[in-house]
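S.K.: sequence first, predicted coordinates after that:
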Amino acid sequence: AAAINRSYIDQLLSRAVDVLMAIPSLIFALVLLSIFGSTVTNLIIIIAVLDSTRVFRLTRAVAVNVVVMDYVEAAQLRGEGLGWIMRKEILPNIMPPLIAEFGLRFCFVFLTIAALSFLGVGIQPPTADWGSMVRDNASLIMFAQYDLKAGLTPLLPAAAIALLTVAINFVVDWFLHKTSGIRDEQ
């Protein structure tokens, strides 16, 4: 709606997002978690707010380009409402970049949670988390020259994070290909 109206609300939201994006996300999350506590609810809210800034900026940038298209102007001239225009004209045309961004954000959320847990302020024991698993087993890396199996133990959660990231990106790419309307080669 802010991209369509281009009013002071658009400017206000854009400047607030710019301020939030100017602060490094991991440091800001560390500060907020130390203030509000390391509960799962706080972790979810903080990461959602910090990641929503990137989604807002992308959505606005793509929507601003779509709003000036002829079919949106035709819908406005027909007297269609703002909600109808957003749902029927703009949203279907901005979905591919948003779906690609979803894949990236999903992976970054896992990396952020793992990093915060590795630093001790993320998901707290006894709840299992890949970052805390790496932290708990990090001292075993020193024994890699004596026992290769023990030395590789901290790397397994890191490999799981990497595998998840690659898998999510493959799924998003497959979904974008299937919804693009391009036929598969026979």
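M.R.: Cool, the structure landed.

S.K.: quick one: low-confidence parts of this protein?
M.R.: 1-6, 143-145, 181-186 (pLDDT under 70).

S.K.: can you give me the strands for it?
M.R.: With DSSP state E, there are no strands along the chain.

S.K.: now the helices for it?
M.R.: 2-5, 8-22, 25-36, 40-67, 70-77, 82-84, 91-119, 130-137, 148-152, 155-179 (DSSP state H).

S.K.: among those, which is the most enclosed?
M.R.: Comparing the helices of the chain by mean neighbour count (mean count of other Cβ atoms under 10 Å), helix 130-137 ranks first with a mean of 20. Bear in mind the C-beta positions are built from the backbone N, C-alpha and C, glycine included.

S.K.: what's the angle from that helix to helix 91-119?
M.R.: 20 degrees (axes from the mean of the first three to the mean of the last three Cα atoms, to 10 degrees).

S.K.: residues in contact with helix 130-137: which ones?
M.R.: 110, 113-120, 122-125, 153-154, 156-158, 160-161 (Cβ atoms under 8 Å, 6 or more residues apart in numbering).

S.K.: do the same with stretch 23-34
M.R.: 20, 42-43, 46-47, 50-51, 112, 115-116, 119, 121-122.

S.K.: tell me the one of those residues nearest residue 165?
M.R.: residue 112 (12.4 Å; Cβ to Cβ).
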